[in-house]
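**Q** With the sequence up front, the predicted model follows.
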Amino acid sequence: MANKTIVMSKLRRLLQLYSQGKSKLFIRKYLELSRNTVDKYVLQYKLLDLPLEEIEKLSDTDLDKLFFVQVPDDPSPRHKTLYDFFPYMEKELKKTGVTRQVMWKQSTNP
């Protein structure tokens with residue numbers, strides 16, 4: 001469930017409740033969100049320093065752009081190397097007797 005985005009209507013409701021002075025605990029229980037999710041969006045709201053009225057005028061698309069960071073299309077060279085390694089690891093781990101620990105020992109003892 002990590003890094004799943006919330007529905008825009010929930011985000012709008014979260015911001016409304018927070019601006020009305022409701023506690024994060026109340027918001028979390030009322031909207032059935034995790035503590036970290038509420039903290040994340042409240043922090044972003046504070047950093048944006050925009051009045052709620054302006055945020056309510058935004059379309060869902062604009063709100064999405066404002067609150068959600070897009071992952072870059074082009075991975076870094078380090079990530080590229082890692083992604084290229086995944087198929088090999090997957091293939092090896094399907095073999096009988098091969099575990100992550102065995103693979104780790106092989107990679108650290110050349």
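**A** Done, it's in. Numbering: from 1, shown residues only.
**Q** okay, CA-based contacts and neighbour counts for the rest of this
**A** Noted.
**Q** Report the mean confidence score over the lengthiest helix in the chain.
**A** If you go by DSSP state H, the chain has its longest helix at helix 77-93. Mean pLDDT, helix 77-93: 89.
**Q** distance between it and the chain's centre?
**A** Its chain's C-alpha centre and that of helix 77-93 lie 22 Å apart, by Cα atoms, centre = their mean, to the nearest Å.
**Q** got it, and stretch 10-24?
**A** Distance, centroid of stretch 10-24 to centroid of chain: 20 Å (Cα atoms, centre = their mean).
**Q** go on, stretch 44-64?
**A** In terms of Cα atoms, centre = their mean, the centre of stretch 44-64 is set 18 Å apart from its chain centre.
**Q** So which bits of it are buried?
**A** By neighbour count on 16 or more other Cα atoms under 10 Å, the buried set for stretch 44-64 is 45, 55, 63, 64.
**Q** which SS class is residue 47?
**A** The three-state label given to residue 47 by DSSP: H, G, I helix; E, B strand; the rest coil is helix.
**Q** Distance-wise, check it relative to residue 92.
**A** 46 Å (Cα to Cα, to the nearest Å).
**Q** ditto for residue 23
**A** 50 Å.
**Q** When the two are compared, which one has more neighbours?
**A** residue 92 (15 against 11; other Cα atoms under 10 Å).
**Q** Residue 34 against residue 26, yeah?
**A** No: in this structure residue 34 lies outside contact range of residue 26 using Cα atoms under 8 Å: 11.4 Å.
**Q** Check residue 72 and give its pLDDT.
**A** Per the predicted model, pLDDT is 65 at residue 72.
**Q** Low-confidence ranges, the protein, go.
**A** In the predicted model of the chain, residues 1-4, 69-72, 110 satisfy pLDDT under 70.
**Q** all helices of it, in order?
**A** 8-19, 24-31, 35-48, 52-57, 60-67, 77-93, 100-108.
**Q** what's in contact with the third one?
**A** Same thing as helix 35-48. For helix 35-48, the surrounding residues in contact (Cα atoms under 8 Å, 6 or more residues apart in numbering) are 11, 14, 15, 18, 24, 25, 27, 28, 67.
**Q** one more time with 10 Å
**A** For helix 35-48, the external contacting residues (Cα atoms under 10 Å, 6 or more residues apart in numbering) are 2-6, 11, 14-15, 18-19, 24-25, 27-29, 31-32, 34, 51-52, 55, 66-68.
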